[in-house]
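[1] mind looking at a prediction? Sequence and model below.
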Amino acid sequence: MALHTAGARDTEPEDVASNKRSDAVTLNLRWTACSVCDELYRLPTLREGEVAKCGNCHSVLMTNKTRHAERTLALMFSSLIVYLVAIIYPFMRMDRSGFSNEISVTDAVLILWRNDMQLLSVACALLILVFPLLRVVILSTLATATYLYRRPNLGLARFARLAQILEPWSMVDIFMLGVIVSLVKVGTMVDIALGAAFWGMVALVVFLTLGAGMSCRDSTWRFLRGSR
Amino acid sequence: MRAKDQGIALCGSCHSLTKHPDEPCVFCGASVSLRKPNSLQHVWAFWIAGIIAYVPGNLYPIMVTDSLSGTSASTIIEGVAALIHHGSYTVAAVVFVASIIVPVAKFAVIAWLALTIHFQWTVSKKRRIEAYEAIEFIGRWSMVDVFVVAALAALIQVGGLMSIAPGIGINAFALSVVFTMLSAMSFDPRQIWDEPSV
């Protein structure tokens, strides 16, 4: 749906919702505010790579990251590939006195569930499998839309919001730190071999972190609401 | 000039401005308000829930090891002690910081921030924002011990020789981390700047 970016007062008075929206578009074409300290600013014009900082609290006011859509898309696509490696292939194998046990990450979640550790099982499934995947899928969709289309797309706004809510709850990085700690803990008692999925997870952490750093929240929202 | 004084509210989700606070954001549908409603009440509610879960999380064992030499259960602090005993000082330090220093610091900082707002203490605004951003950033890393237990419990199952199971404490500890994260998220940093200038 195309939005009016100018002449908000000329729109039909009977269509209140659309009127409100075009008013809001006009407001957001002129002004912005700091999310940390609430200082109001005239919308800065940023070239690619420039950052506007709040003069009051010095936090970042607005960004326009260089080629954010292409870079995010590349890294999220790579993330998706290594994610598949990380969940399909064996993660670790343990050997001790003739016994061996090889598990993938999905096995781990199932083992925890079967051994009456449902809370831990669900927590792991959500924090290291579901939330990261959702985030990767949403961020790639947003990057594709930003890259390919020129028209605002508010249908994606709810997904963009979801990706932001999920951000602190996607914990593959913390999980990998936990795995390294547990290797140290039992390394002397059992022999542990790392599988392909372990390296897949390492790659996932790297790609996700880089991708999140290169994606530009401000530019994406400016695109979605048609005020760029 | 501040947005609030102009009756303009910023959407916390998509960072767009609106002249109609308390209506859902026209762009992303998130609820918008000049300030998060009852922010401090939410902060304290999650903070107290976090403390309540934190106590059993530290007192009860988080991991139970069953081996030929018998069953042994260890709490968070005993886990750190075992790592020091094995000579893994770096890893011991990582676990100590993530599982003990960070949660305690988080409780202290959140309470301090909420109290400075409530009693309007004159504390440097810049220092408070730095503290707030630090706990927002570092809070989630306390989950590391939960993943240690999950990884070991799933992997170490050697027939009758040796097995590791999670203790009841890890559930409480995980909940405590979640509650403190929610507590920090409920805090509205803009309140710091609502006070007269220091």
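    Nice, I can see it. Numbering: from 1, shown residues only, chains lettered A, B, ... in the order given.
[2] C-alpha only now, for contacts and for neighbours.
    OK.
[3] mind giving me the packing neighbours of the helix or strand residue B:58 falls within?
    Here residue B:58 sits within helix B:39-59, counting by DSSP states H and E. When contacts are defined as 3 or more CA pairs under 8 Å, 6 or more residues apart in numbering or on different chains; DSSP states H and E, helix B:39-59 sits against helix B:102-118, helix B:168-186.
[4] give me whichever of these is most buried.
    Highest mean neighbour count among the helices and strands packed on helix B:39-59 (mean count of other CA atoms under 10 Å in any protein chain shown): helix B:168-186, with a mean of 23.
[5] off-centre distance for that one?
    6 Å (CA atoms, centre = their mean, to the nearest Å).
[6] export it as PDB, just CAs?
    Extracted C-alpha coordinates of helix B:168-186, given in PDB (Å, rounded to 0.1, in the frame of the first residue of the first chain):
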ATOM      1  CA  ILE B 168      16.500 -28.700  41.200                       C
ATOM      2  CA  GLY B 169      18.600 -25.500  41.600                       C
ATOM      3  CA  ILE B 170      19.200 -25.000  37.900                       C
ATOM      4  CA  ASN B 171      15.500 -24.500  37.200                       C
ATOM      5  CA  ALA B 172      15.300 -21.800  39.900                       C
ATOM      6  CA  PHE B 173      18.500 -20.200  38.700                       C
ATOM      7  CA  ALA B 174      17.300 -20.100  35.100                       C
ATOM      8  CA  LEU B 175      14.000 -18.500  36.200                       C
ATOM      9  CA  SER B 176      16.000 -15.900  38.200                       C
ATOM     10  CA  VAL B 177      18.000 -14.900  35.100                       C
ATOM     11  CA  VAL B 178      14.800 -14.600  33.100                       C
ATOM     12  CA  PHE B 179      13.100 -12.400  35.800                       C
ATOM     13  CA  THR B 180      16.100 -10.100  36.100                       C
ATOM     14  CA  MET B 181      16.200  -9.700  32.300                       C
ATOM     15  CA  LEU B 182      12.500  -8.800  32.400                       C
ATOM     16  CA  SER B 183      13.100  -6.400  35.300                       C
ATOM     17  CA  ALA B 184      15.800  -4.600  33.400                       C
ATOM     18  CA  MET B 185      13.600  -4.400  30.300                       C
ATOM     19  CA  SER B 186      10.800  -2.900  32.300                       C
END
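[7] now do residue A:42: how many residues are near it, please.
    11 (other CA atoms under 10 Å in any protein chain shown).
[8] lowest average confidence, helix or strand, in chain B?
    strand B:157-158 (a mean of 76; mean pLDDT, DSSP states H and E).
[9] tell me the helix or strand right after it.
    Where DSSP H and E defines the elements, the next helix or strand beyond strand B:157-158 is strand B:162-166.
[10] adjacent strands (with direction) for that following strand?
    Here strand B:162-166 has these sheet partners by DSSP bridges: strand B:63-67 (antiparallel), strand B:157-158 (antiparallel).
[11] burial measure for residue A:22, as a count.
    Using other CA under 10 Å, residue A:22 is surrounded by 21 other residues.
[12] please, which helix or strand holds it?
    Taking DSSP H and E as the definition, residue A:22 sits inside helix A:16-30.
[13] that helix and chain B in contact?
    Yes - against chain B, helix A:16-30 shows contacts by CA under 8 Å from any CA of the partner chain at A:20-21, A:24, A:27-28.
[14] including distance to residue A:221 and pLDDT, could the residues you listed go into JSON lines?
    Formatted as JSON lines, those follow (distance: CA to CA, whole Å; pLDDT from 0 to 100):
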{"residue": "A:20", "distance to residue A:221": "18", "pLDDT": "80"}
{"residue": "A:21", "distance to residue A:221": "15", "pLDDT": "79"}
{"residue": "A:24", "distance to residue A:221": "14", "pLDDT": "86"}
{"residue": "A:27", "distance to residue A:221": "15", "pLDDT": "89"}
{"residue": "A:28", "distance to residue A:221": "11", "pLDDT": "88"}
